[in-house]
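Q: Kindly return the folded structure for what I paste below:
(one chain, ligands or ions: 1)
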Amino acid sequence: MLLESISCPGDLKDLPESALPDLATEIRARLVDVVCRTGGHLGPNLGVVELTIALHRVFDSPRDVIVWDTGHQSYVHKMLTGRGGDLGSLRQAGGVSGYPSRAESDHDLVENSHASTSLSYVDGLAKAFAVRGETERAVVGVVGDGALTGGMCWEALNNIAAAPHRPVVIVLNDNGRSYAPTVGVVGSHLAALREAGARAEAGARAEAGAGDDVGAGAEVAARAEVHSLFEQLGLAYLGPVDGHDAAAVEAMLRKARALAGPVVVHCVTRKGLGHAPAEADEADRMHAIGPAKTPAAAGTAPVVRPTWTDVLSEELCAIGADRPDVVALSAAMLGPTGLSRFAARYPDRVYDVGIAEQHAVTSAAGLAMGGLHPVVCIYATFLNRAFDQVLMDVALHRQPVTFVLDRAGITGSDGPSHHGMWDLSLLGLVPGLRVAAPRDGQRLRELLREAVAWSAGPTALRFPKADAASDLPAVGRLAGADLLHADPGAQVLLIAVGALAGAALAAAEGLRATGVPCAVADPRWVLPVDPDLVAQACDGYELVVTAEDNGCAGGFGDAFARVARLAGRRPNLHTLSLEQRFQAHGERSAILAEHGLDAAGIQAAVRSALAADLLL
Ligand SMILES: Cc1ncc(C[n+]2csc(CCOP(=O)(O)OP(=O)(O)O)c2C)c(N)n1
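A: As a prediction, this is how the structure comes out:
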């Protein structure tokens, strides 16, 4: 096995060029074997095998810096930088991260896996190396055509191209897709460059076949039909090159390095290459797959439950039928956010803006000003990007925009950049914005309808990456909240945010069984906190425990405490939430349990609070 002989990029450099195709085959086999078991970004990594080999043969990592945008395609890089043996633990708790990780290796500098940041990082690194006189160090950013639709890339190019003597190598990994085909003129321009390149190559081959040497002339002629945007901005442009021809990519990268200025190397790759099911997957070329399912016990059909995303998808479609003013937006994630169904049904009322969350939000403000009700479907963690746009462009103007925040709370195996644990803290700062957290599928349907019916300002709905909870009916009301459970004589009130209602109810069961009667409430609309709920909670109960899967700073519990304080009340209040630190990857349920956000943790919190009271 060639792969086993490579423990660092130096070993790779020693291989003869003739061995590279076999190495690529071994890498692909290992990728398929591991990722089909663990889950992860299969398609993107299958597409960068040769490209990664070439990068590590030409550049001298970590002295030369390679920044991966978005980082989801760094598995091959990990295999070539000493982590091949550990790859089996990919995305498992305590195992290899699904993104670059500074703790794992000196070869990983940037681990932020929010897209379109690479060119800004490399701009800064190139400036730093120039200032420090470290002129031998090359700086390389590897950016996909999808990531290139993000505004930050263009902000960075604006600076990079303006410094013709500061070397930066931009490797454009163009497979024509984000998850789905890359939208907009960035996508169509790259497609035109690819096609011109293919025509040039065909022309050159024909000329070579004819026995003369006008091949190079044919390339120039075909490329001249399409002027690359990059050259017009003042960058050098090399390519397009077949990104699966390791020797050709290597030659192109050497040329790029020798230019000693800012240069784009346009590599054309195929997402999912070498794994037939990925190549055939029209939706996203197996961009990201889940872990292999444990086989169901013999004779039992596997139970397939709808996820929160499925419920959203269905209800938004139903709303679309009655409300022609409802339109939907996505930042390059129509499929993952559940909008494919809406897009198929109402193709003129859906906008995929590219990986451009900030633009999506302000564009939604414009749509609202134009008389529509936009629903912006976005992962909770990616809304962070667009905080100012939510605050100033939407909320200041009181525009009726609904944000649907999928993957809120702990997401699991994607780790610190993907846990959606910031949204309640951020959205709690926005005047006039109302946030709902559905506890079950039925509430998601109701709250979505309430949100799009609200025309006085923005609303947001948050739900996690999980199966939707089955019906948890209300048994009564507590101020504006649903009361889900009320033991006679309850002195303890549990207030659960959204999907944590199930854990709170289970905790209440356990507490009642041991002689601690409880009540459980679900505020539904969680922010701003309803002062009446605070008043009734403080008046009616000795102990109030809130539970949310948001960071502790500025979430629901903090807001509840502030409302109580401002009303002059001093409840015996315990707020359960996530510790305000970057959380590693792991199982969602295990991470929640670690933070006391499961039934056992909530019970334990109640018991210790009651015990502390007895000691007073
Ligand atoms: C700010 C942000 N929005 C959305 C995503 C989700 N996301 C991860 S990879 C990806 C597509 C990237 O496409 P491209 O850069 O072309 O790389 P490819 O996967 O095609 O190799 C998206 C939308 C993200 N990581 N960051």
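Q: alpha carbons only for contacts and neighbour counts from here, please
A: OK.
Q: Next up, the contacts around G441.
A: By CA atoms under 8 Å, 6 or more residues apart in numbering, the residues touching G441 are W308, V311, A468, A469, S470, D471.
Q: mind running it again at 6 Å?
A: Residues in contact with G441 (CA atoms under 6 Å, 6 or more residues apart in numbering) are A468.
Q: how about it, phi and psi?
A: Note on G441: backbone dihedrals following degrees, to the nearest 10 are phi -60, psi -40.
Q: and the gap between it and P473?
A: Here G441 is placed at a distance of 11 Å from P473 (CA to CA, to the nearest Å).
Q: before we move on, what about E201?
A: 65 Å.
Q: Among those two, which residue is more densely surrounded?
A: Per other CA atoms under 10 Å, whichever of E201 and P473 has more neighbours is E201, with 19 against 14.
Q: After the lowest-mean-pLDDT helix or strand in the chain, which helix or strand is next?
A: The weakest-scoring helix or strand in the chain, judged by mean pLDDT, DSSP states H and E, is helix 215-225 (a mean of 63). As assigned by DSSP states H and E, the chain's next helix or strand after helix 215-225 is helix 229-233.
Q: Determine the set of other helices and strands touching the next helix or strand after that following helix.
A: Toward the C-terminal end, the helix or strand that comes next after helix 229-233 (DSSP H and E) is strand 236-242. Contact here means 3 or more CA pairs under 6 Å, 6 or more residues apart in numbering; DSSP states H and E; on that basis strand 236-242 packs against strand 262-268.
Q: Is the ligand within reach of the following helix or strand past the strand it packs on?
A: Toward the C-terminal end, the helix or strand that comes next after strand 262-268 (DSSP H and E) is helix 276-280. No: figure legend: helix 276-280 not in contact with the ligand (CA under 6 Å from any ligand atom); closest approach 12.6 Å.
Q: got the buried residues for helix 276-280?
A: Of the residues in helix 276-280, A278, E279 count as buried by neighbour count, 16 or more other CA atoms under 10 Å.
Q: Check which element follows the helix or strand where V35 lies along the chain.
A: In this assignment (DSSP H and E), V35 forms part of helix 20-38. Counting by DSSP H and E, the element after helix 20-38 in chain order, helix or strand, is helix 42-47.
Q: Contacts for that following helix next, please.
A: Against helix 42-47 from outside (CA under 6 Å, 6+ apart): Q73, T269, R270, K271, G272, L273, R285, M286, H287.
Q: okay, the closest residue to the fourth one other than its chain neighbours: pLDDT?
A: Spelled out, it's K271. Distances taken as CA to CA, 6 or more residues apart in numbering place G47 nearest to K271, at 4.5 Å, with adjacent residues excluded. As predicted, G47 sits at a pLDDT of 98.
Q: try the one 3 residues further on
A: On the pLDDT scale, E50 is placed at 98.
Q: The one 4 residues further on too?
A: According to the prediction, A54 has pLDDT 98.
Q: was I right about it contacting E250?
A: Yes: between A54 and E250 there is a contact at 4.8 Å, judged by CA atoms under 6 Å.
Q: ok, the two, which is more surrounded?
A: Neighbours were counted for A54 and for E250 using other CA under 10 Å; A54 has more, 26 against 23.
Q: quick one: contacts for the more buried one?
A: Taking CA under 6 Å, 6+ apart as the definition, contacts of A54 comprise A246, E250.
Q: Repeat the analysis, applying 7 Å as the threshold.
A: Going by CA atoms under 7 Å, 6 or more residues apart in numbering, A54 touches A246, V249, E250.
Q: can you give me the offset of the strand or helix carrying it from its chain's centre?
A: Using DSSP H and E, A54 maps to helix 49-58. In terms of CA atoms, centre = their mean, to the nearest Å, the centre of helix 49-58 is found 26 Å from the chain centre.
Q: Same check on stretch 485-495?
A: The answer for stretch 485-495 is 38 Å, by CA atoms, centre = their mean.
Q: what comes up buried for that stretch?
A: Buried residues in stretch 485-495 (16+ other CA under 10 Å): H485, A486, A490, Q491, V492, L493, L494, I495.
Q: before we move on, what about stretch 59-73?
A: Those would be 59-62, 64-73, for stretch 59-73 by 16+ other CA under 10 Å.
Q: ok now it, how far from the chain's centre?
A: The chain centroid and the centroid of stretch 59-73 are separated by 20 Å, computed with CA atoms, centre = their mean.
Q: again, but for stretch 176-188
A: 17 Å.
Q: Same check on stretch 600-616?
A: Mean-position distance between stretch 600-616 and its chain equals 37 Å (CA atoms, centre = their mean).
Q: Residues touching it, excluding its own?
A: Here stretch 600-616 has contacts from A504, A507, L511, A593, G596, using CA under 7 Å, 6+ apart.
Q: Provide a list of residues in contact with A247.
A: A247 neighbours (CA under 7 Å, 6+ apart): E17.
Q: no no, R562
A: Residues counted as contacts of R562 (CA under 7 Å, 6+ apart): none.
Q: V67 - nearest residue in space that isn't next to it in sequence?
A: The spatially closest residue to V67, leaving aside those adjacent along the chain, is G141, at 4.8 Å (CA to CA, 6+ apart).
Q: So what does that neighbour have for phi and psi?
A: Main-chain dihedrals, G141, degrees, to the nearest 10: phi -110, psi 130.
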